[in-house]
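*Asks:* Mind folding the following:
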Amino acid sequence: MIDNSTIGYSLEGCFVLIGLCILIVHFVRRRRRPAELPVYRLPQRTSAIPDVMFFFAALVIPMGLAFGSATLAAKYRWEWGSGRIQLGATYVQEFAMIAVILLYTKFWRPPDQISPALTEDTAEVGGARPPGALAPTDLEPVQILPALKTGLITFLAAMPLVFLVAAAWQGILTLCNIPPAHQTIVDMFLGFTTPGMIILFIIVAAVLVPLCEEMIFRGGLFRGLRTAIPRPYAIIISAVVFGAAHGDLTAFFPLVTLGVVFAIAYERTGNIGTVIVAHALFNLNTLVALLLGVNA
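*Replies:* As a prediction, the model looks like this:
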């Protein structure tokens with residue numbers, strides 16, 4: 001009889017192989033049509049400052065509220081246990097992030113640059129849109145149905161890249177005598193035994209966290225940096241901050257790789273829903289793998 005871990009590793013292997021095929025097809029097409037410029041559907045902002053300020057506010061304020069709620073719960077509701085207290089604090093943090101995001105999108109977010117003189121075939125260096133960009137008036141910030149398709153493709157394309165980087169990084173850590181370890185939130189998930197707590201954790205990890213992190217890191221930090229500095233630096237810096245923010249040395253470079261893929265996907269589609277879906281699928285895949293006994 002096939003055990004759960006075998007099923008889990010088989011699923012992971014299938015995702016990696018499918019993603020590898022997607023990457024190969026993409027690069028083959030690029031080689032056959034090298035003269036084509038990539039299409040960027042993400043117009044720059046009129047100012048980078050509000051996006052960067054939003055990024056810091058959306059991290060600092062919710063983290064402070066989560067820390068305060070966890071401290072109070074540990075003092076007055078210690079019988080709940082550390083796992084429940086941490087999960088409750090995570091919910092406080094995510095809903096506080098959602099509140100900051102709503103305020104940002106309603107009152108704070110700067111408008112996109114609009115330059116009618118630029119078309120799909122012409123663009124100025126450092127202007128409103130990179131080469132191949134579509135007119136901002138043709139864009140919709142969130143398109144749900146296209147996001148499901150492009151999000152799935154982004155998730156699958158990221159899998160082989162993250163897998164290879166994770167394997168190489170784990171080898172380097174082993175050579176340096178640094179034992180690999182799960183993130184704290186993963187250990188918390190593995191400690192839950194009741195279905196109710198597992199479901200609550202899956203909701204926060206596969207719904208709330210992807211929504212908030214993508215709005216903050218890609219919709220805030222990356223958009224701000226992309227307006228202020230050249231796009232390669234914006235992609236790398238936002239990805240490094242994304243990896244460092246998780247506070248896990250073992251997962252640092254895999255998360256940086258994921259951040260790079262998400263930034264490129266967001267830039268190519270112009271749809272924040274794409275990376276929210278991809279992030280949700282990635283987190284859900286990790287949770288399912290852990291439940292099946294895969295050492296993710």
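*Asks:* who does whichever helix or strand residue 203 is part of touch, helix- and strand-wise?
*Replies:* Counting by DSSP states H and E, the element that carries residue 203 is helix 195-203. With contacts taken as 3 or more Cβ pairs under 8 Å, 6 or more residues apart in numbering; DSSP states H and E, helix 195-203 sits against helix 82-103, helix 184-191, helix 272-291. In short, each C-beta sits where N, CA and C put it, glycine included.
*Asks:* Mean pLDDT and mean neighbour count for those - can I get that in JSON lines?
*Replies:* Shown next, in JSON lines, are the helices and strands packed on helix 195-203 (pLDDT from 0 to 100; neighbours: other Cβ atoms under 10 Å):
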{"stretch": "helix 82-103", "mean pLDDT": "93", "mean neighbour count": "18"}
{"stretch": "helix 184-191", "mean pLDDT": "74", "mean neighbour count": "16"}
{"stretch": "helix 272-291", "mean pLDDT": "94", "mean neighbour count": "21"}
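*Asks:* can you redo the ones you listed as TSV with distance to residue 250?
*Replies:* Output for these, formatted as TSV (distance: least, Cβ to Cβ, whole Å):
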stretch	distance to residue 250
helix 82-103	19
helix 184-191	10
helix 272-291	13
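*Asks:* Any figure for the gap between the nearest residue to residue 23 once chain neighbours are set aside and residue 92?
*Replies:* Spatial nearest neighbour of residue 23, excluding adjacent residues (Cβ to Cβ, 6 or more residues apart in numbering): residue 157 at 5.7 Å. For residue 157, the distance to residue 92 equals 34 Å [Cβ to Cβ, to the nearest Å].
*Asks:* same thing with residue 292?
*Replies:* 30 Å.
*Asks:* Looking at the helices and strands packed on helix 195-203, which is nearest to residue 214?
*Replies:* Nearest of the helices and strands packed on helix 195-203 to residue 214, taken as Cβ to Cβ: helix 272-291 at 4.7 Å.
*Asks:* Please work out how many residues are found near residue 231.
*Replies:* Number of residues near residue 231 (other Cβ atoms under 10 Å) recorded here: 18.
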